[in-house]
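*Asks:* sequence plus the predicted model coming up.
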Amino acid sequence: MLEAKTVLQYNPVSRRRGSSAVIYTRVSSLEQAQNNGSLEIQKKHCSEYALRNKIHVKEFFGGTYESAKTDGRKEFQRMLSYVKSDKAISYIIVFNLDRFSRTGSSAAKLSEDLSKQGIIIKSVTQEIDTSSASGRFQENFFHLINNFDNQLKSERTKINTREVMMKGYWPYTTPIGYENLNKKQRACYHKLVITDEGMEIKKAFHLKAEGKLSNVEIIEKLRAKGIRIGKSKFQWIITNPFYAGYVTGNLVNGKLIKGQHPPLVSLETFMKANEIIKRNNRIGVPKKSNHPEVPLKVFAKDAKSLLPFTGYEKNGYWYYKLKETAEPVNINARKLNDLFLKELAKFEYQKKYKAKLKKLLLEGLKNKIVSVNDDARSIKKAITEKQARIQKIEEKFLMDEISKEMFQEYREKFKVEIQKMEQQLPDTSFNSSNLEMAVNKCLNIAENLSQAWVSAGFDTKQRLQRLVFPEGILYDKKKHAVRTLRINALFAAIPYLQRVVAENKNGDPLKNHQIFNPVPGTGFEPARPFGHHHLKVACLPISTPGQLFQIFQELFSNS
């Protein structure tokens, strides 16, 4: 519709007098600028075009790499300023219209504006008479096609990059502390090694995990070793799971994927360092009133409006309330705290069952990982079969047994199927020693959970409650009851397993109670063994080591 409107509104303008021009050349990347000679080829053909058409070239612009996704590039803007100010310039000569711009309708509008000033864009490879409405329409069409092609390339790049990341490769700039021995290869062939600089950063991680030195003091130690980084860069390093051997990012929706690169520090050291960072970040936060009487503020929400509670004091008594709601909700802080305390008590266990609970939790987690590994092998086998089918149709195509159209159709079909299977491929590399560490931590906390919460200070209370209920709780005013949104997987399993152990003293309860099987549908089901039909229990859908990693993060950053 835009192009049709442009044609209907087209008004021919008188061109500038004279036959002077500028030549604009560009490539998209530094590698192209350095290696493929395209800039020289563009300049040569543009100069020959000007000579054939008796056009005097007054100036050359570009000659470098600039993305054409936007028209804000520096050299491009410098060229536009020049041609607008020099009234002798009648033409901008480019090798192809996609060298001028790939912004689609924006490029068409820019071209129209230049035309009104008497400046015509000349493409060496696309002869268009822009003095007519149909010629302007053709030019606009080329701009749109270039933009569409740019978007397709961008989508393909995202898909390919995501695919590479799902396999554990890092496709971006090599982080500080590492060196890529195969820089000019594709990401899946990169070989990252830890440098001497990386060994110093490793020491910085350990210093941070010990908690004895501040960020500034550690940064000074790094600078003394020749590693000059600022506070924000240091924070980025310490909080980046890449250094613990994992790959993550927006393209993979924040999923933690076991990387193909060597980890700089252990998972335990990484967790400890990040806990120190979080703890320090909480210190000195302005306008934060940590009243121990209302530890559930923000954490607790109204079940109807889903708005968080705040706390206030009146006549020596503390209350939770909602701000600015049509239906006000107020509750005595002690009453809501008592309700929450009862929820915590449900995850405690008798000490005599500790050894058996530990055994069952570990076996359940290990069995789940075995199941995940089996699934991974099945998916890999299916991928191999699809790849073999692609090879077969390639052979048939080369032997003229099938048409090019049929070959392309089936090849793309199989590639899409392979891509979907690779996305379903779980992360199968996981250090089983971390399982025992997490289970021990969980059982130690759960043993006297309610009393630990009562006797803790404000910050520790909040860490404990978010550890067990990562998404907070809901308070139902009408029923005067607490509902929980999600439970940390390991804590959720304890009440059920304790009951199983008590009922099966002489047997092997795990054989009859596979608590770590994935749940059909949404993955969350009411936890009937606990008697809480409102609970969404995280222990049931543990299906990948990546989800276990998330549980460990909760354990070691909140406890």
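*Replies:* Cool, the structure landed.
*Asks:* okay, buried residues for stretch 188-202 please.
*Replies:* Across stretch 188-202, burial judged by 16 or more other C-beta atoms under 10 Å covers H190, L192, I194, E197, G198, E200, I201, K202. C-betas here are computed from N, CA, C, even on glycine.
*Asks:* model confidence over that stretch, on average?
*Replies:* In this model, stretch 188-202 has a mean pLDDT of 92.
*Asks:* check the offset of that stretch from the chain's centre.
*Replies:* Mean-position distance between stretch 188-202 and its chain equals 22 Å (C-alpha atoms, centre = their mean, to the nearest Å).
*Asks:* burial measure for E417, as a count.
*Replies:* A count of neighbours around E417, defined by other C-beta atoms under 10 Å, yields 14.
*Asks:* repeat that for I238.
*Replies:* 21.
*Asks:* ok, I92 next?
*Replies:* A count of neighbours around I92, defined by other C-beta under 10 Å, yields 22.
*Asks:* shouldn't it be within a strand?
*Replies:* Yes. I92 sits within a strand when classified using DSSP: H, G, I helix; E, B strand; the rest coil.
*Asks:* and it, what are its bridge partners?
*Replies:* Applying DSSP bridges to I92 gives these bridge partners: V22, I121.
*Asks:* right, and it touches S111 too?
*Replies:* No. Using C-beta atoms under 8 Å, I92 is not in contact with S111; the gap is 9.4 Å.
*Asks:* what sits in contact with each of the two?
*Replies:* Listed as contacting both I92 and S111 by C-beta atoms under 8 Å, 6 or more residues apart in numbering are F100, I121.
*Asks:* now do stretch 84-103, average pLDDT.
*Replies:* On average, stretch 84-103 scores 81.
*Asks:* please identify the buried residues of it?
*Replies:* 89-95, 97-103.
*Asks:* residues near the residue lying closest to K158 once chain neighbours are set aside, how many?
*Replies:* In space, and not counting its chain neighbours, K158 is closest to L251: 6.3 Å by C-beta to C-beta, 6 or more residues apart in numbering. Burial measure for L251: 16 neighbouring residues, criterion other C-beta under 10 Å.
*Asks:* now do the contacts for L251.
*Replies:* The contact partners of L251, by C-beta under 8 Å, 6+ apart, come to K158, T161, R162, M165.
*Asks:* among these, show me the least confident.
*Replies:* Note: of these, the lowest pLDDT belongs to K158, at 73.
*Asks:* distance check, it against N253.
*Replies:* Going from K158 to N253 by C-beta to C-beta, to the nearest Å gives 12 Å.
*Asks:* what about these two, which has more around it?
*Replies:* The neighbour comparison of K158 against N253 (other C-beta under 10 Å) goes to K158, with 12 against 8.
*Asks:* Three-state assignment for that one, please.
*Replies:* Assignment for K158 (three-state DSSP): helix.
*Asks:* and the gap between it and G118?
*Replies:* In terms of C-beta to C-beta, K158 sits 41 Å off from G118.
*Asks:* the strands in the stretch 51-200 of the chain, which residues?
*Replies:* 56-65, 89-94, 120-123, 178-180, 192-194 (DSSP state E, counting those that start in this stretch).
*Asks:* how about the stretch 351-500 of the chain?
*Replies:* In the stretch 351-500 of the chain, the strands defined using DSSP E, counting those that start in this stretch lie at 473-476, 481-484.
*Asks:* ok, the last one: who's next to it in the sheet?
*Replies:* Looking at strand 481-484 with DSSP bridges, its paired strands and their directions are strand 473-476 (antiparallel).
*Asks:* in the partner strand, what's buried?
*Replies:* I473, L474, Y475.
*Asks:* right, and the first one touches L344 too?
*Replies:* No. Using C-beta under 8 Å, I473 and L344 do not qualify as a contacting pair, with a distance of 10.6 Å.
*Asks:* list residues touching both of the two?
*Replies:* Counting by C-beta under 8 Å, 6+ apart, the common neighbours of I473 and L344 are Q465.
*Asks:* pop the domain breakdown of the chain in here.
*Replies:* If you go by automatic domain parsing, the domain ranges for the chain are 2-154, 178-282.
*Asks:* including distance to F309, could the ones you listed go into a markdown table?
*Replies:* Output for the domains of the chain, formatted as a markdown table (distance: least, C-beta to C-beta, whole Å):
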| stretch | distance to F309 |
| --- | --- |
| domain 2-154 | 44 |
| domain 178-282 | 20 |
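*Asks:* worst average pLDDT in the ones you listed?
*Replies:* Note on these: domain 2-154 shows the lowest mean pLDDT, a mean of 71.
*Asks:* quick one on the thing from earlier: which of the buried residues of stretch 188-202 fall in helices?
*Replies:* E197, G198, E200, I201, K202 (DSSP state H).
*Asks:* isn't the second one right next to L192, touching?
*Replies:* Meaning G198. No. Judged on C-beta under 8 Å, G198 makes no contact with L192 at a distance of 9.7 Å.
*Asks:* which neighbours do those two share?
*Replies:* Here G198 and L192 have Y178 as joint contacts, going by C-beta under 8 Å, 6+ apart.
*Asks:* shaky segments in the stretch 251-400 of the chain?
*Replies:* Along the stretch 251-400 of the chain, segments meeting pLDDT under 70 span 280-289, 324-326, 368-369, 372.
*Asks:* tell me where it has helices.
*Replies:* 267-282, 333-345, 354-398 (DSSP state H, counting those that start in this stretch).
*Asks:* export those helices to a markdown table and tack on mean neighbour count and distance to N444?
*Replies:* Listed next are those as a markdown table, based on neighbours: other C-beta atoms under 10 Å; distance: least, C-beta to C-beta, whole Å:
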| stretch | mean neighbour count | distance to N444 |
| --- | --- | --- |
| helix 267-282 | 18 | 16 |
| helix 333-345 | 17 | 15 |
| helix 354-398 | 16 | 9 |
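*Asks:* what would the ones you listed look like in TSV with distance to Y312?
*Replies:* TSV is the format used below for the helices of the stretch 251-400 of the chain (distance: least, C-beta to C-beta, whole Å):
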stretch	distance to Y312
helix 267-282	22
helix 333-345	9
helix 354-398	41
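*Asks:* closest one to S47 among those helices?
*Replies:* helix 354-398 (42.4 Å; C-beta to C-beta).
*Asks:* that closest one: how far from the chain's middle?
*Replies:* How far helix 354-398 lies from its chain's middle: 24 Å, per C-alpha atoms, centre = their mean.
*Asks:* give me the residues contacting the host helix or strand of I218.
*Replies:* Assigned by DSSP states H and E, I218 falls within helix 215-224. Helix 215-224 is contacted from outside by 200-201, 203-204, 207-208, 213, 228-231, 234-235, 280, using C-beta under 8 Å, 6+ apart.
*Asks:* PyMOL command to pick out the buried ones of the residues you listed?
*Replies:* With 16+ other C-beta under 10 Å as the burial test, the buried ones among the contacts of helix 215-224 are selected in PyMOL as follows:
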select buried, resi 200+201+204+207+208+229+234
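*Asks:* and of the contacts of helix 215-224, the nearest to G457?
*Replies:* The closest of these, once distances to G457 are taken by C-beta to C-beta, is N280, at 16.7 Å.
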